[in-house]
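1. no sequence on hand, only this structure:
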């Protein structure tokens, strides 16, 4: 079993879910793949379907229209799964708190359908790529 | 009528960094009709600004979009200056221009990379983004942040450049020219690229006028429209540069426009840095009288339009934001029908859509009062200064 | 001994290990071309192992048996082909020499299996993918078949072993005009068979989100990935077998074989990293209007002895 | 007409031309800065004036904005005159509270299509003749009769 | 003994057919009579096969000094085909119990089916070209009426087309028989040997060839099959174009090409060209069809190409392959038509874009149809592969690389086409237009499919058995090889059994790896549409919620639009390649117009025509 756990840690496939972001976290996430940061070194791969993913990178707060879709994507991800909430808006809805279209931060929405869901918070507006890598590595240690 | 075959693209499509939803009605692989559903990104901007002070709003509009995080404040401060009837000092204008053009390069390179990714050319993606890192380094050196620069304020800019920063920027900006040439050649000379991009998703000049498209989308359709030249602001009328126009209206033209604009931007930045005038960087805007004003800026994707109405208080009465994608998106209908599914992905990319910008409108709070300011870390960069101005305004 | 040959070396186990290492090799080259560092050498194994620990999701619209069975069918045929080629390379004279037609049919099966599985998933997006795979499949098979049979006709044999023997006597097929043209055509067909850029149309991530493998997850995805890895081992080996005289495991032959293998994978990897994806109709035109005449030309040239 | 206009960079020319063309229909004009022209018209004449600017002056529809005022919703059509003319003509009209309806331009010029949908769902202004009044930004299950951009909006659902 | 047997095989179905026609319309009686008669014939045919070569002569017709013995010969190939013919009739009659229930004209249908069997057996067993021709004509007439049972306009069009083409080629054959009779004075199949050396013999051969080609449906005389497929009842299609007509057409081809005429190289090339073109062109047409039965009928044409190719090679492997493929084709193609019938029965349509997602409602049909589809596509280890492999062997041996490539590629296209069929019928989502509750077909429709599917697998996995035990003996070779031995004819060998074992071992290893490593559970979730849920009602364009569907018919639209093929397909749709259009025109101007002129409606005119005809016949017959 521990071998499998090690394998899990060495190979995280992520799927990027942009709820209602300002785009900034998103481009910084893509930045992770590019030559300067190259997270493929750690076996992290961006995949095209949540079916293949181990981790969801969620950016932005959740609005009324994207909430059911986020839940849908979350449920489509096979266990074990981790959610990374990126940026201030994802963590706390940030500047958009209280808006009519704001349905809450990512953790609240995920916990509505899956109280056990593991959520990793990466603060910043946007988080620096180094911070993101650090967060992923730390999260893997914690699992 | 026979039921049409429906193929969805989105909302969480790997193609799209942001959520939106295209419904494609296809016959085989040919798109016969399409419909767009946006709103997944609809947050709270247009009325957040109605409940925040003139100065705080700069940071809010900055978060309309992460990629155009200069464009919106740029247009916003101009609108406020329009209402107040003042003008920012020349040094501030130059600094604004430099930041805006840096952003244009990084945005265009980002687009080139993503477009490469969409058609499976990941090497272009990697190269373009590697080149883009240089710009981000310069931005970081000049403003202190990679993306949200927080440089603008009504009446001027927040931070001045020192000589070391200018020297650094002048040195590094030359590093962009070579890779950009490399990528441009890689795209323009590759026969497979030609096969994939030429003649695809044509937006005719007539359609472009009818849809009032803006920015590279319009310039790719043979429309000589550039807000920087047509409605001069900032330092754009003080430096030499050219508007890039391509005649065909296909994806290839739009790509060429963007690639060539990068060179123009480098030129503008170089001139601005070299001729940066001395003087103050802030016109010390103290109060905003009742009235209305318009601010525009040519963002990487096209004209950003801000309309501000003031009732004399310390908050805007109404603030209308129009992002370029809002005008460009509906033109899909004119350019996508009759194309293959594979091309539609590319055509969507070709206007460089930015849904964050498009879906900015929002309302704050149940009671209409100011929202509780949870966004401490958003504003922490400028907290002190905000407080200072509040005191100055006597609040 | 035969059982050992089939099961361990150069059969099933060897094929899987080499296949996964080749996946790493390919990813590493890709990373180097893109100015990146790339994954560590064990990445392929780790990915597969991890996928097996994951939950397997099955869409409610799927025809379950077909959906689950398809990857296994594809995997097992890929395994079979790998073993057959390996054994044929070792012992060209062995009784079951693996007939070239049987082999060609078996090489079709992984594509068919994946098409079947993805259309059994009941997801229309996957179905777009499988329709593309199908179209791609019939476009690349034509030049591939022509090359294969012009070589078979040249060697006047229908068995892999016979072709290897022929090349041991007369020199590798590659070193002739027809051989070079044929090799280029076969290499491009191989690229399409492997589903790599510019022919990753059925899987196009940017268009239809992994298309044919969209609905697969967990262990089933692992089996599919294993299958892809096996094909990445098998098809270059197949090219070596019919163009370069097969694997020769005596003395320096081993080194020579390894170099050939690495070079072919390298070429495939470079092609995949320096080209954008084609559209399906462009790909079909390429195969039918350009490569098929080329393949025919190669066949005619080999017939006249060039 | 257009060729002559294309070179015309003087804002006063446009003010005079519009006044001449429409006469009494123009209720008021303002020209606070060089490049900003505001024209106030009645809501029944607004489409006509806007189309005139769009076609005759080759004006680009920059955007329309709605503003909720105590009297009703003001709608501004911001028309940009490009080609180095550096002029914005803003056609302003009031849709009074008693009758939240105005004729649609989007049915003729696609550039007005989306913004009319947006104003419709955010302010509750009905655009007569618009073919497609679905939600643009708000969720499909948004309750009817709640217009978030109005000043009196309360989120109580 | 032999007389008795021959007459039984012919007379039993003939009389039973007549009974079906005249007996009162009591429920089930005609079904049972038809089934029993066919089954009994089937049983009888088994007794015939072991006898080897037997002959029987009944009477001799004397036509103006020309002796025409009404003679039969049990030749191993004939006997073998009699077994298969009666087998197909038996199971199709069984299938028709449920399928045809409630349709009009049932007594005619059963009667004609049985008469078809009788006539087919007549063709197979005749030892005299003249009587063979008569049975052949009877078959054409029966086919004409059976297609007409569809009872719609399309069926009528099919009737007309079939009659014109088959009638025309039958006339060719008549001419051929007359020529042979005039030149050699001998019409006995067993003794006739004609070397093809001069123009006359070539013409004779070509005349016979035309008849065989039209019956089997090879290009360019194929076009009656697709047209008939649009209108005729499905069992009729399974019975005639799919199985019996193939058996008979290829039988005749084999007889004339192998026994009667000694072919030269030029005619072989003609055969190869016909075969190759048929394979490729027909499968190309099949690819873009949207109607299941029509699609299958194009495949029925395409597969004939393999048989013609095999026989055209003239070497043992090729001939055996061709004949084996004929049998295999009859098996899987009638199976496919029966499956199509099942789908038609339940879904009430065979338009491919209107069906979908039936796998979960009709699992049996799905599985059997998949087996048939794999067989026709030549996937090892099913039977289609074994026989195609033999054909390839023959082609390789005779250095026909071009046709080898065509044959192999045609096989790939067949597969492509059937993937589309399976995908559109059985996978995906069930469209709204289908009947609400769909169940699998009743047992009487399942048994035929099951039998055929088992045969497909058996003939594939143990391909040596039919080849060594049935076909080689039928061609006069005696063999003594066990059924698990590899196929070894010509230069290569193929051990289907070993391949099967290896595939099973491979699957087993896959499952083993899966079982060892798997820890995660299986869970059923909704399909993934990028996070959106369907049906989704946002768009005003359809006025109703959009549900996502991608019908299989859209698979090959790109092919149709492809630059290099666009023109060809457009022409094909217009019927440029359809010989019938030209024939029809010819017939129109040659026969119909003058006939119209003659049909004045005046009785005396008709009477005078009759008298003139009788006189002409008398003169012909009586002149020495």
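-> Received the coordinates, thanks. Because the structure is predicted, anything quoted here is derived from the model rather than measured.
2. what's across from the residue nearest the centre of chain A in the sheet?
-> Compute the mean C-alpha point of chain A, and by CA atoms, centre = their mean the closest residue is residue A:57, 2.0 Å away. Beta-bridge partners for residue A:57, by DSSP bridges, are residue A:16, residue A:84.
3. pretty sure it sits against residue A:12.
-> No. Counting by CB atoms under 8 Å, residue A:57 does not reach residue A:12; the two are 10.4 Å apart. C-beta: built from backbone N, CA, C; applies to glycine.
4. what about the residue nearest to the centre of chain A, distance to residue A:117?
-> 14 Å (CB to CB, to the nearest Å).
5. then residue B:142?
-> Distance from residue B:142 to residue A:117, by CB to CB: 41 Å.
6. what about the two, which has more around it?
-> residue B:142 (22 against 17; other CB atoms under 10 Å in any protein chain shown).
7. so for the more buried one, what's the nearest residue that isn't a sequence neighbour?
-> Distances taken as CB to CB, 6 or more residues apart in numbering or on different chains place residue B:165 nearest to residue B:142, at 5.5 Å, with adjacent residues excluded.
8. tell me the pLDDT of residue 75.
-> In the absence of a named chain, chain A is used. Note for residue A:75: predicted pLDDT of 83.
9. let me rephrase: I mean chain D.
-> For residue D:75, pLDDT reads 88.
10. kindly report the same for residue C:302.
-> 79.
11. surely it touches residue C:182?
-> Yes. When contacts are counted by CB under 8 Å, residue C:302 is listed as touching residue C:182 (7.3 Å).
12. in chain C, what residue lies closest to chain E?
-> Closest contact between chain C and chain E, by CB to the nearest CB, is at residue C:76 (2.8 Å).
13. residues touching that residue, list them.
-> By CB atoms under 8 Å, 6 or more residues apart in numbering or on different chains, the contact set of residue C:76 is E:503, E:505, E:506, E:507, E:508, E:509, E:510.
14. these into JSON lines, with extra columns for distance to residue B:65?
-> Converted to JSON lines, the contacts of residue C:76 look like this (distance: CB to CB, whole Å):
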{"residue": "E:503", "distance to residue B:65": "56"}
{"residue": "E:505", "distance to residue B:65": "58"}
{"residue": "E:506", "distance to residue B:65": "53"}
{"residue": "E:507", "distance to residue B:65": "53"}
{"residue": "E:508", "distance to residue B:65": "56"}
{"residue": "E:509", "distance to residue B:65": "53"}
{"residue": "E:510", "distance to residue B:65": "49"}
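15. what about residue E:526, neighbour count?
-> 15.
16. that one and residue C:57 touch, don't they?
-> No. Residue E:526 is beyond contact range of residue C:57, at 9.6 Å (criterion: CB under 8 Å).
17. give me the common contacts of these two.
-> residue A:76.
18. stretch D:28-36 and chain B in contact?
-> Yes. Against chain B, stretch D:28-36 shows contacts by CB under 8 Å from any CB of the partner chain at D:32, D:33, D:35, D:36.
19. element containing residue E:156?
-> helix E:153-184 (DSSP states H and E).
20. following that helix, which helix or strand shows up next?
-> strand E:194-195.
21. give me the mean pLDDT for that following strand.
-> Rounded mean pLDDT across strand E:194-195 is 79.
22. can you name the residues in contact with it?
-> Residues contacting strand E:194-195 (CB under 8 Å, 6+ apart): E:180, E:184, E:201, E:204, E:205, E:260, E:261, E:262.
23. taking the residues you listed one by one, which sit in helices?
-> E:180, E:184, E:201, E:204, E:205 (DSSP state H).
24. which pair in those spans the largest distance?
-> By the measure CB to CB, E:184 and E:205 form the most distant pair in the ones in helices among the contacts of strand E:194-195, at 13.3 Å.
25. more neighbours, those two?
-> residue E:205 (22 against 15).
26. just the pLDDT at the closest residue to the more buried one other than its chain neighbours, thanks.
-> Closest residue to residue E:205 apart from its sequence neighbours, by CB to CB, 6+ apart: residue E:261 at 4.9 Å. Reported pLDDT at residue E:261 in the predicted model: 81.
27. what about residue E:261, how many residues nearby?
-> Other residues near residue E:261 number 21, with proximity taken as other CB under 10 Å.
28. can you pull the contacts of it?
-> Per CB under 8 Å, 6+ apart, neighbours of residue E:261: E:194, E:195, E:196, E:201, E:204, E:205, E:208, E:267.
29. write the PyMOL selection for whichever of the residues you listed are buried.
-> Selection command for PyMOL covering only the buried members of those, criterion 16 or more other CB atoms under 10 Å in any protein chain shown:
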select buried, chain E and resi 194+196+201+204+205+208+267
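30. show me where chain A dips below the pLDDT cut-off.
-> A:1, A:4, A:98, A:142-143 (pLDDT under 70).
31. hey, where'd the helices end up in it?
-> A:2-10, A:24-33, A:67-75, A:87-92, A:106-113, A:129-142.
32. one more: chain D?
-> D:2-6, D:11-22, D:46-56, D:113-123.
33. ranking the ones you listed by burial, who's on top?
-> helix D:113-123 (a mean of 23; mean count of other CB atoms under 10 Å in any protein chain shown).
34. report pLDDT for the closest residue to residue E:152 other than its chain neighbours.
-> Spatial nearest neighbour of residue E:152, excluding adjacent residues (CB to CB, 6+ apart): residue E:231 at 5.6 Å. Note on residue E:231: pLDDT of 77.
35. contact partners for residue E:231?
-> By CB under 8 Å, 6+ apart, the contact list for residue E:231 reads E:147, E:150, E:152, E:153, E:154, E:155, E:156, E:157, E:158, E:159.
36. alright, I will stop here.
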